[in-house]
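Engineer: fold the stuff below for me.
(chains A and B)
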Amino acid sequence: MVTLKELSTQELFGPGHRMCTGCGPAAMARITMKALQKPAIIVNATGCLEVASTIYPDTAWKVPWVHTLFENTAAVASGIEASLRKEGKADAVDIVAFGGDGGTFDIGIQALSGALERKHDFTYICYDNEAYMNTGIQRSGATPYGAATTTTPAGSKIAGKTDAKKDLIGICAAHGVEFAATASVAFWNDYITKVRRATAVKGPAVIHVLAPCPLGWRFETSQTIKLAKLAVQTRYFPLYEVENGNYKLSMKVPKPTPLEEFLKPQGRFRHLFAPEFANNLEELKRQVESNWNRVARLCGEIPAPASPSPSQPAN
Amino acid sequence: MNGDEAVAFAAKQAQVDVVAAYPITPQTIIVERFSDYVANGEVDTQYVCVESEHSALSACVGSSLAGSRVFTATSSQGLALMHEVLYVASGLRTPIVMAVANRALSAPINIHNDHSDMMGSRDCGWIQIYAENAQESYDWTLQAFRIAEDHKVSLPVTVNLDGFTISHAMEGVSVLEENEVTKFLGKRTPMYKLDIAKPVTFGALTLPDYYSEFKQQQVEAMKNAPPVITSVANEFNGISGRQYSNLSGFNMSDADAAIVCMGSVAGTARTVATKLRKQGKRVGVLKIWQYRPWPTQEVARALSKVKCVGVIDRAVSFGAPYGALGSDIASTKVLTGTQTKIFNVICGLGGRDIKPADIEGIFERALRHAEGAPIDDPSTLLGVRP
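Structural biologist: The predicted structure follows:
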């Protein structure tokens, strides 16, 4: 693990950008740029980070940076990598792609899948604030069950999103990438270690980093890091890595904080505490537990359920 | 070789740094042949086999911004899937060269030739060239790199070749020696690129205060293109003996009636015009090579003495008074005061043959209008079952 003293004081993601107060993705971008050890080229999907950091004629980026569209970030990175390979410069540069959860889980998943399959040497970082925040808080494939967004509002009949969050790391790991990991902006040194590991990989690597959005999650702007921490401490967002198919928990949570402590400060979950939606709250808790157990099993922390023996009759 | 092979051979001789492409009929032979060159070590090209046309052009944009000479090819649905990326490629001023083996768009699905794919993306800000045969496809592909990469232009170029009619038809093609091509094209020298030594932000959010200025620069780049095309074409003539321009007239100087068209149908039109000339009928053919930027003055000059033109469109512009080419001829008339009468024939959709008899019918109709018969049907779909 790195220490603060070892980190560069240089700000390659410069101050003066127009991200919101308390923005998780802004913290993510700043830490990422401090983590990188080689000169970098950044490819940025359409989203908050892109629109708020490069309003012409200003730019917050002190490195080569390109934005083209929403869903093609991994494809653009592929093309840049192909050019660097042709010039024999691929090893001298880190190509880092940033996409939000919408640009990664949903509209960009095809381009990401293709780039992972082709084994381009780049690092894809999905900063996940669990909805389309740039367009005004619409649900994405990364929005958790029960969360209210502007397209899954908490109505009188339906209590927010009815579907669960996708398993992005599972999808990426299934492509056989050498390194994939989750991270949280609250645990900056774990994140930096993972960014360094990801960029060191020859081939593609993926990091899925939770980056809370005060506006979309509806919490006090001073609480971003606290919530990013609680997400991990409540087992809501397990931190783990997958290296060559082997899952490893990055942070054990033997005594989880009650999930309510993560949910209650957030307006997007407020309706779950109404008596009529008590079952929905229970369902979200069940999903969080089930996901934690799934990850813990994959990481060998808890034994896998015994598989039925073929000699035994079913039921 | 066929048209697709001619294009692939041109891309090989151009020593492109990166190709990112996805297969689609009738373009596929281009990427297949190019794959052979890669597999046999005949080119030093990074070939990225992407998972869609959207990613194909996206990867090309990335490579072009990184400073590479870039080529790709597509057709029909593939071009439609690229649609939003086409605007990014021109807006970011990436000099990508793309061959489009023109094919009809779904629905209903049809793999054969018309121009509905490229016309659907007509306003994407690319220079658009239409070839008549395999030779022209080869020649224009080579010239396209010089045009695109010229700093006064710095725009992407499509070289259009009619699907199957050109892409799959075997013809004799005269090719240049590789060293001549290398000398003609030189190396790409990008004005700006993704360079760690000199960081640049590409694709910034541009709001109402600056967006129009960006578009104006693209307008100016388009205006800069014709003289560059002329000079590239003249230089190309020096090494190939084949002279290109923005358009090509056949028996136009004293024609009373003419056909205006693009692509492979021009050959049929010339053959029929020759036959009618022998009958004493003063007909000509105006073939447009350079569809975008549209050569307004050159078209006006070519049509200045023609009494009536039949404009052949290979795509329907639904609900519009004319097809796309018809509209451009009509605009030319308004802008330049040319007195030519216009009627528009839409034909050859989804690969339907345009037969000499169809062309003869268009000439005869143009001659009747030239002699004063009124045009009561300005835009017609030719030869459709009742």
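
Engineer: what sits against the spatially most central residue of chain B?
Structural biologist: Nearest to the mean C-alpha position of chain B, by C-alpha atoms, centre = their mean, lies B:Ile129 at 2.6 Å. Contacts here follow C-beta atoms under 8 Å, 6 or more residues apart in numbering or on different chains; on that basis B:Ile129 touches B:140, B:144, B:157-160, B:289-291. Every C-beta, even on glycine, is put in place using the N, C-alpha and C of the backbone.

Engineer: if we check chain A, which of those residues are in contact?
Structural biologist: On the criterion C-beta under 8 Å from any C-beta of the partner chain, none of the entries of these sits beside chain A.

Engineer: so which of the residues you listed sit within strands?
Structural biologist: Among the contacts of B:Ile129, the members falling in strands (DSSP state E) are B:157-160, B:290-291.

Engineer: which element is whichever residue of the stretch 101-250 of chain A sits closest to chain B on?
Structural biologist: Per C-beta to the nearest C-beta, A:Gly114 is where the stretch 101-250 of chain A lies closest to chain B, at 3.3 Å. Under the criterion of DSSP states H and E, A:Gly114 resides in helix A:109-117.

Engineer: can you tell me which helices and strands that helix packs against?
Structural biologist: On a contact count with 3 or more C-beta pairs under 8 Å, 6 or more residues apart in numbering or on different chains; DSSP states H and E, helix A:109-117 meets helix A:73-87, strand A:123-128, helix A:168-173, helix B:53-65.

Engineer: just the strands in chain B please.
Structural biologist: B:18-21, B:46-49, B:70-74, B:97-102, B:127-130, B:157-162, B:201-202, B:247-250, B:257-261, B:283-288, B:290-292, B:308-313, B:341-346, B:379-381.

Engineer: could you dump the ones you listed to JSON lines with distance to A:Met28 and mean pLDDT?
Structural biologist: Shown next, in JSON lines, are these (distance: least, C-beta to C-beta, whole Å; pLDDT from 0 to 100):
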{"stretch": "strand B:18-21", "distance to A:Met28": "29", "mean pLDDT": "98"}
{"stretch": "strand B:46-49", "distance to A:Met28": "28", "mean pLDDT": "98"}
{"stretch": "strand B:70-74", "distance to A:Met28": "32", "mean pLDDT": "98"}
{"stretch": "strand B:97-102", "distance to A:Met28": "36", "mean pLDDT": "98"}
{"stretch": "strand B:127-130", "distance to A:Met28": "40", "mean pLDDT": "98"}
{"stretch": "strand B:157-162", "distance to A:Met28": "39", "mean pLDDT": "98"}
{"stretch": "strand B:201-202", "distance to A:Met28": "19", "mean pLDDT": "98"}
{"stretch": "strand B:247-250", "distance to A:Met28": "54", "mean pLDDT": "98"}
{"stretch": "strand B:257-261", "distance to A:Met28": "56", "mean pLDDT": "98"}
{"stretch": "strand B:283-288", "distance to A:Met28": "52", "mean pLDDT": "98"}
{"stretch": "strand B:290-292", "distance to A:Met28": "42", "mean pLDDT": "98"}
{"stretch": "strand B:308-313", "distance to A:Met28": "52", "mean pLDDT": "98"}
{"stretch": "strand B:341-346", "distance to A:Met28": "54", "mean pLDDT": "98"}
{"stretch": "strand B:379-381", "distance to A:Met28": "56", "mean pLDDT": "94"}
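
Engineer: A:Leu249: which of those strands is closest?
Structural biologist: The stretch from the strands of chain B with the least distance to A:Leu249 (C-beta to C-beta) is strand B:46-49; that distance is 35.8 Å.

Engineer: next, see if that closest one gets close to chain A.
Structural biologist: Yes. Using C-beta under 8 Å from any C-beta, strand B:46-49 reaches chain A at B:46, B:48-49.

Engineer: now find how far off-centre that strand is within its chain.
Structural biologist: Offset of strand B:46-49 from its chain centre (C-alpha atoms, centre = their mean, to the nearest Å): 24 Å.
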